[in-house]
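Trainee: I'd like to go over a predicted model; first the sequence, then the structure.
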Amino acid sequence: MQIISNDEHELLTTSQIELVESILQHAAQLEEVEEPSELSVTYLTNAEIHEVNREWRGKDAPTDVISFAFDEMGDDEMDFMLDEDEPHLLGDLVISVERCREQAADYGHSFERELGFLAIHGFLHLLGYDHMTPEEEAEMTARQEEVLTHFELKRGNV
């Protein structure tokens, strides 16, 4: 899977971006994501994600992660076919690095654990996972924990 990382403000270190990419690659293997596939991950400030949240979701507040699944069509959007040799476009993840730092401190675990959690949480949403019912939440939580445990990113890893 090709991952396009966008960190124009240099909010993360190279190793932190590589960790996210490794986590996403591992999750893609577990989920048997078709190849070739592609997604983008953009790292923003709280102010920037607040604007994205307001503009695209109608929510006037910052948030931690937003997923824009390419396969989810809105009412005004047209469906189109990609060439067979084109990668399957999964979508875009947008992560607030500031919110990630705040939540890591609030939850008492490492910044890397929270960053990994947000990346995998958003990625699973791109693949159709949700947490609207207790059953959906249990399934999504189990998959998130499976991936994070593989990278030894457990809760409370400060």
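Mentor: Looks like it came in fine.
Trainee: Okay, helices next: where are they in this protein?
Mentor: Listed from the start of the chain, the chain has helices (DSSP state H) covering 14-30, 46-57, 97-107, 111-126, 134-150.
Trainee: Which stretch among these is buried most, on average?
Mentor: Per residue and on average, the most neighbours among the helices of the chain fall to helix 111-126, with a mean of 23 (mean count of other C-beta atoms under 10 Å). (C-beta placed from N, C-alpha, C; glycine too.)
Trainee: And it, how far out from the chain middle?
Mentor: 5 Å (C-alpha atoms, centre = their mean, to the nearest Å).
Trainee: other SSEs contacting that helix?
Mentor: Helices and strands touching helix 111-126, by 3 or more C-beta pairs under 8 Å, 6 or more residues apart in numbering; DSSP states H and E, are helix 14-30, strand 37-44, strand 65-69, strand 88-96, helix 97-107, helix 134-150.
Trainee: between the ones you listed, which one is nearest to Ile4?
Mentor: Among the helices and strands packed on helix 111-126, the nearest to Ile4 by C-beta to C-beta is strand 37-44 (4.3 Å).
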